[in-house]
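> I need the structure of the sequence given here:
(one chain, ligands or ions: 2)
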Amino acid sequence: MTAGGQTGQSTVQPVVHGGSAAGGEAQREDKALDCVELRGVGKTFTHGRESRQILADVNFTVRQGEFCAIVGASGCGKSSILRVIDGLLEPDTGSVRVNGRDVSGPSADIGMVFQQFNLLPWKTVQENIMFGLDSLKLPKAVKRERCQHWMSVVGLAEWSGHYPHQLSGGMQQRVSLARTMAREPSVVLMDEPFGALDALTRRFLQQEVVRLWQEGERTGILVTHDIEEGLLLADRIFVMSANPGRIAATVEVPFEHPRDEALQATAEFAEMKEHIWHLLTAEISKASSYVRSRSGPA
Ligand SMILES: Nc1ncnc2c1ncn2[C@@H]1O[C@H](COP(=O)(O)OP(=O)(O)O)[C@@H](O)[C@H]1O
Ligand SMILES: [Mg+2]
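Residues are numbered from 1 along each chain as shown. Ligands and ions are numbered 1, 2, ... in the order given. As a prediction, the model looks like this:
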């Protein structure tokens, strides 16, 4: 993970870039390090005669090894962005590139972790992780080795023969994380992965994800509606507007890791949180006045 310095007693000046067509971020020179690149992405869903644009001119770039968060209100199009990157949803306009190649469908380069753990209930921990490796053309011994390795990394080696219903929610999400990581994708997309967990388990798993990102050169994109979660994990936060979904602002997170409870108690952290909250609420009120103006006077 990249990070700037923690600023001690001084007031944090959030670095914010607007969400213009220029990319919703500062222009950079180091193009070679771009890993995920969205340009002018738009998507409209049609139901019968009614159509609704859910993404409009979405632009952002995530560099190799970077961990970015997408924060936005429910329904603003966060999951749709991940599905576009994963090749599960085809945009109507714009381009999506991962590692310099246009995305045209699901690829082994990209892994996804969902809020619903999506484990197969009739398979054990080990079998669930092996199942994730099934489609990879690797020798069986390599698959077994990776499976063992990732069960240990997430602390479940002793639970390898247990079934999902015998595990807590946090443990099930660890299996799901290990199943994705064992495929060794270069980009990991996480769609509100901790949303179904209690606060304490969520905090442990957040720390675990930070540790995984510090150990290897991985690129991550986390979708969340929790601003604190974005501030605890991400190098940069893309703040989304709704109706239609766009990147309204990009915020650089200036805190070094470990980002712990002590950091959460600082004025700088509270200031960053409030700043992003203001960006979000401004976008939500803009979006609702847009909806009101389209539906005519009340
Ligand atoms: N396949 C689909 N068909 C029609 N509408 C969809 C489809 N997928 C998502 N939507 C709509 O698009 C909007 C954005 O959805 P989503 O990306 O899941 O938002 P978020 O993840 O931010 O909650 C929602 O209003 C949702 O109902
Ligand atoms: Mg979603």
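> pLDDT at the nearest residue to V154 once chain neighbours are set aside, what is it?
Nearest non-adjacent residue to V154, counting by Cβ to Cβ, 6 or more residues apart in numbering: R174, 4.1 Å away. To be clear about C-beta, it is placed using only N, CA and C from the backbone, and glycine gets the same treatment. Here, the pLDDT recorded for R174 equals 95.
> what do you get for P193?
If you check P193, the pLDDT there is 94.
> Tell me who's in contact with it.
Residues near P193 by Cβ atoms under 8 Å, 6 or more residues apart in numbering: V113, F114, Q115, Q173, S176, L177, L205, L222.
> likewise R52?
Neighbouring residues of R52 by Cβ under 8 Å, 6+ apart: T44, F45, T46.
> Give me the buried positions along the one helix or strand V58 maps to.
In this assignment (DSSP states H and E), V58 forms part of strand 50-63. Residues of strand 50-63 classed as buried: I54, L55, A56, D57, V58, N59, F60, T61, V62, R63 (neighbour count, 16 or more other Cβ atoms under 10 Å).
> Touching, the third one and N243? I think so.
No: with contacts counted by Cβ atoms under 8 Å, A56 stays clear of N243, the gap being 9.3 Å.
> now G170: how far from G230?
Separation of G170 from G230 (Cβ to Cβ, to the nearest Å) stands at 20 Å.
> if we can go back for a sec, ok, the strand holding V58 near ligand 1 or not?
Yes: if you take Cβ under 6 Å from any ligand atom as the test, strand 50-63 does meet ligand 1, through I54.
> List of residues touching the next helix or strand along the chain from that strand?
Helices and strands here follow DSSP H and E; after strand 50-63, the next one along the chain is strand 67-71. Contact partners of strand 67-71, identified using Cβ under 8 Å, 6+ apart, comprise 1, 60, 62, 78, 81-82, 213, 219-227, 229-230, 233-240, 276, 280.
> what about 6 Å?
Defining contact as Cβ atoms under 6 Å, 6 or more residues apart in numbering, one finds that strand 67-71 is touched by 1, 62, 78, 213, 220-224, 227, 230, 234-239.
> can you give me the angle the strand holding V58 makes with strand 67-71?
For strand 50-63 against strand 67-71, the angle by axes from the mean of the first three to the mean of the last three Cα atoms, to 10 degrees is 160 degrees.
> re earlier: closest one of the contacts of R52 to ligand 1?
Ranked by distance to ligand 1 (Cβ to the nearest ligand atom), the contacts of R52 are led by F45 at 3.6 Å.
> Looking at strand pairing, list the partners for the closest one.
Beta bridges link F45 to R52, judged by DSSP bridges.
> Spell out which residues belonging to the protein are near ligand 1, please.
For the chain, the residues found near ligand 1 under the criterion Cβ under 6 Å from any ligand atom are F45, I54, G72, S74, G75, C76, G77, K78, S79, S80.
> now do 5 Å
For the chain, the contact set with ligand 1 under Cβ under 5 Å from any ligand atom comprises F45, I54, S74, G75, C76, G77, K78, S79, S80.
> which pair in these spans the largest distance?
Farthest-apart pair in the residues of the chain next to ligand 1 is F45 and S74; separation 16.3 Å (Cβ to Cβ).
> what about L231, which helix or strand?
Remark: L231 resides in helix 227-233, with elements defined by DSSP H and E.
> for V175, same thing?
Per DSSP H and E, V175 falls inside helix 169-181.
> show me where the stretch 1-150 of the chain has helices.
Counting by DSSP state H, counting those that start in this stretch, the stretch 1-150 of the chain has helices at residues 78-85, 125-133, 140-153.
> Show me the strands in this protein, by range?
For the chain, strands defined by DSSP state E occupy the ranges 15-18, 34-47, 50-63, 67-71, 93-98, 101-102, 110-114, 187-191, 219-224, 236-241, 246-252.
> for this structure, where's the lowest mean pLDDT among helices and strands?
Least confident helix or strand, the chain: strand 15-18 with a mean of 70, by mean pLDDT, DSSP states H and E.
> per-residue confidence averaged over stretch 260-278?
Averaged over stretch 260-278, pLDDT sits at 96.
> Go ahead and produce PDB holding the CA coordinates of it.
Provided in PDB are the C-alpha atoms of stretch 260-278 (Å, rounded to 0.1, in the frame of the first residue of the first chain):
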ATOM      1  CA  ASP A 260      -5.500   1.600  14.400                       C
ATOM      2  CA  GLU A 261      -7.900   2.800  17.100                       C
ATOM      3  CA  ALA A 262      -5.400   5.500  18.100                       C
ATOM      4  CA  LEU A 263      -5.600   7.000  14.600                       C
ATOM      5  CA  GLN A 264      -9.400   6.700  14.600                       C
ATOM      6  CA  ALA A 265      -9.400   8.800  17.800                       C
ATOM      7  CA  THR A 266      -7.400  11.700  16.200                       C
ATOM      8  CA  ALA A 267      -8.800  15.000  15.000                       C
ATOM      9  CA  GLU A 268      -7.300  14.400  11.600                       C
ATOM     10  CA  PHE A 269      -9.200  11.200  11.100                       C
ATOM     11  CA  ALA A 270     -12.500  12.800  12.200                       C
ATOM     12  CA  GLU A 271     -11.800  15.700   9.800                       C
ATOM     13  CA  MET A 272     -11.200  13.400   6.800                       C
ATOM     14  CA  LYS A 273     -14.300  11.500   7.700                       C
ATOM     15  CA  GLU A 274     -16.400  14.600   7.900                       C
ATOM     16  CA  HIS A 275     -14.900  15.900   4.700                       C
ATOM     17  CA  ILE A 276     -15.900  12.800   2.800                       C
ATOM     18  CA  TRP A 277     -19.300  12.800   4.500                       C
ATOM     19  CA  HIS A 278     -19.900  16.400   3.200                       C
END
